[in-house]
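> Give the three-dimensional model of this entry:
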Amino acid sequence: MQASPSRLRTVWKGKEKADDAPVNDDFDDLDPVITYRHLLSQNLGIRDPLRVIALCDSDAFYAACEMVRLGITDKPLVVLQWESLIAVNYPARKFGISRMDKLKDAKQRCPDLVVVHVATYKEGQKEPGYWDNVDSRTHKVSLDYYRRESMKILGMFNEHLPDAEIEKASIDEAFIDFTKPVRQILIRRYPYLSVIPADSPDGMDTPLPPAPSISWDKAGFLIPIDPSTPVDQEPGSHAPSNEEGIQDTWHDIALSIAAELMGQVREDIETKLGYTLSAGIARNKFLAKLTASYRKPNSQSILRNAAIPGYLKPMDFQKIRFLGGKLGHALAQEYDVSKVADLLPVTLDEMQQKFGENAIWVYEVLRWVLISFLSAVINMFYSHSGIDRSEVKTKSIVNKSMLASKNLPKPITKPSEGHHWIRVLAAELTLRLNDAREANPNLWPKTLVLHARKGYEASRSKQAPFPFIRQVTVDVIAAAGDKLWEDLVGNSTSMRITSVQLAFTGIETAEIGQQSIVGFFKAGPSSKRGREYDSPVPVTELPVDQSSTAAGQAVAFTCSRCNKDILFPSTASVSEEDQTDLLATVRMEHSDWHFAQDLAKDPGNQLHAPLKEPANKKTRRKESPKGIEKFFTRK
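Residues are numbered from 1 along each chain as shown. As a prediction, this is how the structure comes out:
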């Protein structure tokens, strides 16, 4: 059933009748009228009718990384993690091997199969390695190599496409918004579009002239408008016998330009890094994601607006995100359907009769997921326009946290057993933090956190400030982690810990020129801290005997206010230069403790007394919430 353009321009209005729904001018149909204003404007965002989005997916990424590392090209290869296959390259898939198979069965299907176990950390090693004998009871899986290779690919995207918005979607996927660079190329290739004709009746709102014909020969696989049209396996083929009368649009030209740019990037990545990628190019993220799987591996597919209905209608709806599992199974059983097109006639009233009032949520989820079939009619899914208003957003390369975790096959039952895993986790954090600091030397975490959990119970945790140290080593992180472990488990003699996690939180980029913590304390009374707290709490540092420090004894200072010796243990593996930083951190924390005590003892709160309202001023009566806000207010 083909919905008319007027119906497609109507906004969905819940239970309202479609005839009563107003026209939504922001709605874009399959063949929107593109004007000079659309072309020459710069900030249309998701409503841009020339918008072009691509999803780029690295083919069998973990397996490809190992092939590059080993110099393997066409040999069947699988990646193993303990007893499970986590990646299967395409040559191995030709033997019928999948990630669901057992290793023994995979070797029977392909005797020449190359098997690579992922790198693992083990105690005493600063970096993960590929060991002959790995044991989940003593080793921890490392994905660091794959993360590094993923960042190389992302770096090449940024290098080739400086004007595009690039969003890293996962370790092997990235969305690319080509709209801006495509518009620039479009105006260069067709310079007459940059000048509005003098006789244009509507000025900027005058439609663009008809688009010229396009050659799709080098673009990739073109998804046909008619799903029954046979498509050759050669890039650029689109079986023109049934589609010769189709007029190319300016959005089609935008798609073809994006395909050229994407092809150049993919070729360069394969040449320089050795990785093949598959891409889907369409009008939005939702459709680009579906299009990327049209032809794999090492290909790119293009979905024109006119081909959207024919491509999605025959699709198995349970393969679409959010429509798998129990929800998809229930719908398939209730209506005896399997394809997207089969769900279009289902009305909301009918669905509520079947599933109750809560079915409106199911209906709306279906409408959102099947957004490429959105229609004006509330009771039917007629969206032939592929609307998806989610943006492509460049994510910060600075992660606010880093986590190293281990689910233990053999639970920890004694406090002494925890130190082994603390050191293994510390090695991973050390590597990841140092990798991040290579790109951003001013990066530093505020806090180190230790979590421990028994079975499915809630985890217990301890945390402490992590001092700035010039050279991060496994010894430094492990020493801090051991201290947290001792604080967490204490003298417990009965425990059964099945999961341990060590994490950095509050990772930020320090300002350029910012002083280290040592310089912070040497700044004197005129420093920021001196102005805020009058003056630092005076301390007298105890003399530190270097021989005793090297032997693992404590570094200490004596507070002149409480006359206590404040110790910082376990500095045996810390350099003399870093001991100064650690000691300064302890002194600052102790100074803050005294300041907090002063605040607590101050009866008039004179140190930071808030301004009081005049006595004769009437207290303003709190207004009742209005509109939708009242539905979210606690009673």
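
> Just list whatever residues bridge to residue 339.
residue 316 (DSSP bridges).

> That one touches residue 312, doesn't it?
No. If you go by C-beta atoms under 8 Å, residue 339 and residue 312 don't touch, sitting 9.4 Å apart. From N, CA and C alone the C-beta is placed, and that goes for glycine too.

> Report the secondary structure state of the nearest residue to residue 294 once chain neighbours are set aside.
Computed as C-beta to C-beta, 6 or more residues apart in numbering, the closest residue to residue 294 that is not its neighbour in sequence is residue 301, at 3.9 Å. Here residue 301 is recorded as strand under DSSP: H, G, I helix; E, B strand; the rest coil.

> Enumerate every residue touching residue 301.
By C-beta atoms under 8 Å, 6 or more residues apart in numbering, the residues touching residue 301 are 220-223, 278-281, 291-292, 294-295.

> quick one: which of residue 339 and residue 312 has more around it?
Per other C-beta atoms under 10 Å, whichever of residue 339 and residue 312 has more neighbours is residue 312, with 23 against 15.

> Buried subset of the contacts of residue 301 as a PyMOL selection?
Buried residues among the contacts of residue 301 (16 or more other C-beta atoms under 10 Å), as a PyMOL selection:
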select buried, resi 220+221+222+223+278+279+280+281+291+292+294+295
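
> need the contacts of residue 301 in JSON lines with pLDDT, secondary structure and distance to residue 464, can you?
Converted to JSON lines, the contacts of residue 301 look like this (pLDDT from 0 to 100; DSSP: H, G, I helix; E, B strand; the rest coil; distance: C-beta to C-beta, whole Å):
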{"residue": "220", "pLDDT": "91", "secondary structure": "coil", "distance to residue 464": "53"}
{"residue": "221", "pLDDT": "92", "secondary structure": "strand", "distance to residue 464": "55"}
{"residue": "222", "pLDDT": "92", "secondary structure": "strand", "distance to residue 464": "58"}
{"residue": "223", "pLDDT": "93", "secondary structure": "coil", "distance to residue 464": "56"}
{"residue": "278", "pLDDT": "96", "secondary structure": "strand", "distance to residue 464": "46"}
{"residue": "279", "pLDDT": "97", "secondary structure": "strand", "distance to residue 464": "46"}
{"residue": "280", "pLDDT": "96", "secondary structure": "strand", "distance to residue 464": "46"}
{"residue": "281", "pLDDT": "97", "secondary structure": "strand", "distance to residue 464": "49"}
{"residue": "291", "pLDDT": "93", "secondary structure": "helix", "distance to residue 464": "49"}
{"residue": "292", "pLDDT": "93", "secondary structure": "helix", "distance to residue 464": "45"}
{"residue": "294", "pLDDT": "90", "secondary structure": "coil", "distance to residue 464": "51"}
{"residue": "295", "pLDDT": "90", "secondary structure": "coil", "distance to residue 464": "52"}
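
> what's the closest of the contacts of residue 301 to residue 251?
residue 281 (11.3 Å; C-beta to C-beta).

> How about the helix or strand where residue 332 lies, which residues are buried there?
Taking DSSP states H and E as the definition, residue 332 sits inside helix 325-335. Buried residues in helix 325-335, counted by 16+ other C-beta under 10 Å: 328, 331-332.

> where in the stretch 101-250 of the chain is pLDDT low?
230-245 (pLDDT under 70).

> Try it again at 80.
Residues of the stretch 101-250 of the chain meeting the criterion pLDDT under 80: 227-246.

> So which residues of it form helices?
Taking DSSP state H, counting those that start in this stretch, the helices of the stretch 101-250 of the chain run over residues 103-109, 144-160, 179-189, 250-272.

> what's the most buried one of those?
helix 250-272 (a mean of 19; mean count of other C-beta atoms under 10 Å).

> which residues are in contact with the longest strand seen in the chain?
Ranked by residue count under DSSP state E, the longest strand found in the chain is strand 401-412. Here strand 401-412 makes contact (C-beta under 8 Å, 6+ apart) with 136-137, 140, 418, 421, 424-426, 428-429, 432-433, 436, 445, 451, 454, 495-507.

> Name only those of those residues that count as buried.
Buried subset of the contacts of strand 401-412 (neighbour count, 16+ other C-beta under 10 Å): 136, 140, 418, 421, 424-426, 428-429, 432-433, 436, 445, 451, 497-504, 507.
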